[in-house]
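Colleague: Would you be able to build a 3D model of this:
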Amino acid sequence: MWIHPEEVLLAGPLWVSERANPFFILQRRRGHGRGGGLSGLLVGTLDVVLDSSARVAPYRILLQTADSQVFWSVACGSSRKEITEHWDWLEANLLQTVSIFDNDQDVTTFVKGKILGIIAEEKRLQQGEEPEEDCGKFREAELKMRRLFGMPEEEKLVNYYSCSFWKGRVPRQGWLYLSINHLCFYSFLLGKEVTLVVQWSEVTRLEKNATLVFPESVRVSTRHSEHFFSMFININDTFRLMEQLANIAMRQLLDNEAFAADRSLPKACKTLRNVSALKRDLDARAKNERYRAMFRLTQDERLDGHTDCTLWTPFAKMHVVGQLFISNNYVCFNSREEDLCQLIIPLREVSIVEKADSSSVLPCPVSISTKNKMNFLFANLRDRDFLVQRISDFLQRTPDSCWGDSSPLALIGHSASSSVPSPSSAGSDSTHRGRHFHPGLPTASQGLLQLYQQDAPEDLGPKAMKEKMKEEAWNIHFSEFGRGVCMYRTSRTRELVLNGIPECLRGELWLLFSGAQNEMASHPGYYGDLVETAMGVCSLATEEIERDLHRSMPEHRAFQNATGIAALRRVLTAYAHRNPGIGYCQAMNIVTSVLLLYCPEEEAFWLLVALCERMLPDYYNTRVVGALVDQGVFEDLTQGFLPLLYEHMQQLGVISTISLSWFLTLFLSVMPFDSAVLLVDCFFYEGIKLIFQVALAVLHDNMDALLSCSDEGEAMTILGRYLDNVVNKQTVAPPIPHLHALLTSGDSPPPEIDVFDLIKSSYERFGSLRSDVIEQMRFKQRLKVIQSLEDTAKRSVVRAMMTESAFSIEELEELYCLFKAQHMTSCYWGSSSSAAERHDPSLPYLEQYRIDPAQFLQLFTALAPWLCGGHTPSLAARLFRLLDQNQDGLVNFKEFITGLSGMCHGDMTEKLKLLYKLHLPPALCAEEAESALEATHFFTEDEPRKTSFLSNLDISGQQEVTSGEEGKDEGADSEEKKDVQVKDYRYYLRMWAKEKEQKTETIKDLPRMNQEQFIELCKTLYNMFSEEREEQQLYHAIATVASLLLRIGEVGKKFNNGGGRKTEAAQAPPTASQTPPAVSQAPSTTYLTPPTIYQAPPTDTQSPSPVDLQAPPPDDPEAPPPDALCRALAEAQLEPAAGSDEEARDDGSVSSYSVVSASSLACEDLADDTVLVGGGQQRPGSGLDADWSISFEQVLASLLTEPPLVDYFEKKTDVRDKMAACNAKRAVQRQISSASEQEITQHST
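Modeller: Residues are numbered from 1 along each chain as shown. Okay, the predicted model is just below:
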């Protein structure tokens, strides 16, 4: 590229001059490419270690003058091709002009001005394009990455770091490039080049460790290798970025969410040095995720910024130090000291934002007032004016529906006197709630428990009095800390939750602590609309829901009647309709039924949304990945806290068995209801760490008994009986029988365990668990679980395909990896179809990954044994259409293996059958098969029925019927219609079973091949043998077989037609426009150019080209005389030349031989407008003979007469060599050196 001219004092030390003229010098950097000796090695090594190669291009052009010792660099390039273009331009446009200048200073001024003008013009042309955010150095590093590793432009570099890669026991200093889809490393030390490329989707383990051998290193593990990187400047920053990129890849494997850059990310005020726009994007995503997890906010919430401040807490009469967070819908505060104070203020609740008077005690305060008369005072804000302005901007974007009649901007001022009364949030929520939902339903306004206890007599016992005391304690808390979304959340709140939430407040507080209340308030009427849309829609999810409805807490009377079942059905169906990716999963019914006991339907729905999408991510998808991840985390926690028990339990295999049901149902299915619901209380406040704590406490309490177990069944019995007897002695509700406890109690049940004691002991022993630590452990396990699921999918696919293909297990595994890699590559490097269309995790393993025609062509070219040179794309497209049975434009792995196995391992009949099908519809599309004459016949009214039949041949093997047979069929159809009316259901069951049976296709089922399709078949066969050792014999065999089949087709045409066509022609003589021009102009002297079926073998320096049969290959003495072969073909195709004009007219069409000639059997690049020798001009494609056809049996029999063709099609193909070559090619594409072969060749010359 052209660069601003810069002075260069020393032009020689690190550069080698390659071209020169009186004014310009083209130089190459030492160490770039081959050669250069020791100095070149040293310079190349220094460039890599010091990253000079990212700043210094390997080629440059200098301006020099005779009298000056100063050089000016005017252009640089990353490749020889680029710099040569600049050099040629200078010689063509400037060299002659500058030679007439007398003054060297004028030469320098003129050239510099010209170069600056070119740069200005390039910038002007680029003004319409989106400006680059990345700095120049980073863009150069990205270009270097693409050049070193062969990456396309779609591969975006995120960041790069200097580090050491341990190859064996020797560290190699170099540069680590982290892109969206790959981890790459490059090192060049004293001539030794190290290149490494790892796909993030292949990473199975990523951890940061410090050992004696690898001090403070990062270990990247794949299925087959481990890589260690160390000596980072900031290892924590690098490792966090690696985690993010690996997480994105795992998400892509899990549910096909490919990475998409955040277009709404605010632009940086200035270009940051060495920080790309993608790095800013990923950093912002990480902050958003931490922010949302901290305050339980929705997935679309984006953090705008945060700042240190203090919050006045009226309940403690003190200022609490913490951080203020601002996003598009919320203002949040979190104290620096854990659990001291947390606050969430939705902007929909804000009525006033004002700057209060500043003082030495309270500097820079901002007061925020809400609609329910709460006031929050923040102080010690660094940039108060900017903060108020940002809040006002977000308030302006808040929907007006949340504000009633008043505008939020009107309420922002500097004094409280500007406040305007507004309706409370509770009132507005109640107005929206039920607007589109049926308010008459009992479950629309109250929970099922309240519905069934409203007529019960008041209980005045000690348990009821204790419940009243809990209610009073919460009311006191509300009066002191506030009620609703804006409540201060402190350690006191946690104490009240751990002591149990009163039943009358349970639904309200679950909604508050889970964050579901915010989502419900921002989507008024959403649930009602969803229910109306989803009800009546049948799907797999609704069938599973109906099957599980009556299994949901059958012991509870709320679900022993239609009201509870109907409410459960509506909530589950609505969620399945909202999130088809999850749909419905077992255990969702149990959790939802508990939610419905304490909440109205809409609140239960939003709680289920919070549970499935935020609090228990990926728990309830088709493969319960989230539960499996937390199961692995639980095993790691057990190993850390209870190492002796962990070793014993691993031997028994108990942990993985028991923990899944604990996590999926939050202990609701393994513990008495009154006890488990207390754990749900704590879970909604604490999150998943509470479930881990309780699970560890259960194992700890049973440690001695578990250590003495000898098998898995005994251990599970001990844990099951323990959990059955965890009781809640404070419950007011009548006891609900626990079916599992009744069945396993035995003669001497173990002592009862108070659930409050269990919760207390879990906090005392395992309360040190932190949410951020759990997230780190989740990431580690997520890599392991998802890759394990991928391995399971591969094994399942291989087992399923073993009986349907001739490939070995190892070959199928390798083919699956190649197929999946092709799919994954197209996902992030673009494709004609979206990634979501080509990967559906809900499908069976065989059908999950699918590829489109472009990807199929690449695999076909790499693996298929039938390669036809320039004809290969056409053949691959036909095979794709043949394999795509459902015609969705995608082919799954099963279909791909079916086609490849037939080509590689099928017997001769199977291979020929496949090849035959590739030249019939639907494999042969209309564009390929339809000639100009067919198009003419299609738009005329001559014989529409015959043309339609020829253009609609299908695989079903239907034969052309006569008019008499059609009449019989119509009569039979009418009789069958009469019979259908008296058929019973058994008849239809038999017919349905018969349709479901797989019909074995025989060679007699294949339809006949017409002339145009036969020509395409001959083209394919001709191009198939261009690289075979017995090429001449194969071409000779093709010519013989083609001649034989042409004769067979002509004989069959005469046999089938008889004299019928001659009679028809006599009754209706053709007009001049209908008569073929060749016959009408010269009927007695019509000769055709011989068909180019034979091809001379290619030499080393010349590609094969079609030649006339009159020039046989000189090195084939056994070849038949070309004249004899031509005469044989002509006799097979043409009527005798001495025939009468009437006979020529009766033939109805030009001989099919003309089509053979015009369509060029041997090569596609011959013109279609071949003319007749001695005749007038032939209309393109006008010689199609509609009556000419051959059957598959005839093709098979003809090929069997030629031993070379029999040997070729009987030969088995070993696909392992092609797979190895494919893998090697993929590796080479990413490990090309900085010097191309072209550069090396030019340099050597």
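Colleague: dump the residue contacts of Leu918.
Modeller: Listed by C-beta atoms under 8 Å, 6 or more residues apart in numbering, the contact partners of Leu918 are 875, 878-879, 882, 924, 1020. Backbone N, C-alpha and C define where each C-beta goes, glycine included.
Colleague: Go again with 7 Å.
Modeller: Leu918 is in contact with 875, 878-879, 882, counting by C-beta atoms under 7 Å, 6 or more residues apart in numbering.
Colleague: if I look at Ile1015, how far off is Thr909?
Modeller: 23 Å (C-beta to C-beta, to the nearest Å).
Colleague: got it, and Glu471?
Modeller: Relative to Thr909, Glu471 is positioned 83 Å away (C-beta to C-beta).
Colleague: now the strands for the stretch 1-150 of the chain?
Modeller: With DSSP state E, counting those that start in this stretch as the criterion, the stretch 1-150 of the chain has strands at 2-8, 15-20, 24-29, 59-63, 71-77.
Colleague: Output the ones you listed as a markdown table; include the columns mean pLDDT.
Modeller: Conversion of those to a markdown table gives the following (pLDDT from 0 to 100):
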| stretch | mean pLDDT |
| --- | --- |
| strand 2-8 | 82 |
| strand 15-20 | 83 |
| strand 24-29 | 84 |
| strand 59-63 | 86 |
| strand 71-77 | 85 |
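Colleague: Quick one, which of those strands gets closest to Ala1039.
Modeller: Each of these was scored for nearness to Ala1039 using C-beta to C-beta, and the closest is strand 71-77 (52.8 Å).
Colleague: buried residues in that closest one?
Modeller: 71-77 (16 or more other C-beta atoms under 10 Å).
Colleague: Out of these, the closest to Ser367 would be?
Modeller: Here the nearest of those to Ser367, counting by C-beta to C-beta, is Cys76; it sits at 58.8 Å.
Colleague: Please name the nearest non-neighbouring residue to Met151.
Modeller: The spatially closest residue to Met151, leaving aside those adjacent along the chain, is Met145, at 6.4 Å (C-beta to C-beta, 6 or more residues apart in numbering).
Colleague: Check what pLDDT the one you found gets.
Modeller: On pLDDT, Met145 comes in at 88.
Colleague: Can you get me a residue count around it?
Modeller: If you count neighbours by other C-beta atoms under 10 Å, Met145 ends up with 23.
Colleague: which residues sit in contact with it?
Modeller: Under the contact definition (C-beta under 7 Å, 6+ apart), the residues listed for Met145 are 151, 157, 177, 179, 184.
Colleague: among these, who's most crowded?
Modeller: Ranked by the number of neighbours (other C-beta under 10 Å), the contacts of Met145 place Tyr177 first, at 26 neighbours.
Colleague: is it fair to say that one lies in a helix?
Modeller: No: assessed by DSSP: H, G, I helix; E, B strand; the rest coil, Tyr177 does not belong to a helix; its assignment is strand.
Colleague: Show me which parts of the longest helix seen in the chain are buried, residue by residue.
Modeller: As assigned by DSSP state H, the longest helix anywhere in the chain is helix 771-802. By neighbour count on 16+ other C-beta under 10 Å, the buried set for helix 771-802 is 774, 777-783, 785-787, 789-790, 793-794, 797-798, 800-801.
Colleague: Is His306 in a helix, a strand, or coil?
Modeller: Per three-state DSSP, His306 ends up strand.
Colleague: Now it: closest residue in space that isn't a chain neighbour?
Modeller: Spatially, and ignoring its direct neighbours in sequence, His306 is nearest to Phe325 (4.6 Å; C-beta to C-beta, 6+ apart).
Colleague: Now do the closest residue to Val755 other than its chain neighbours against Val727, distance only.
Modeller: Taking C-beta to C-beta, 6+ apart as the measure, Val755 lies nearest to Ser675, with 4.0 Å between them; neighbours along the chain are not counted. In this structure, Ser675 lies at 6 Å from Val727, with C-beta to C-beta as the measure.
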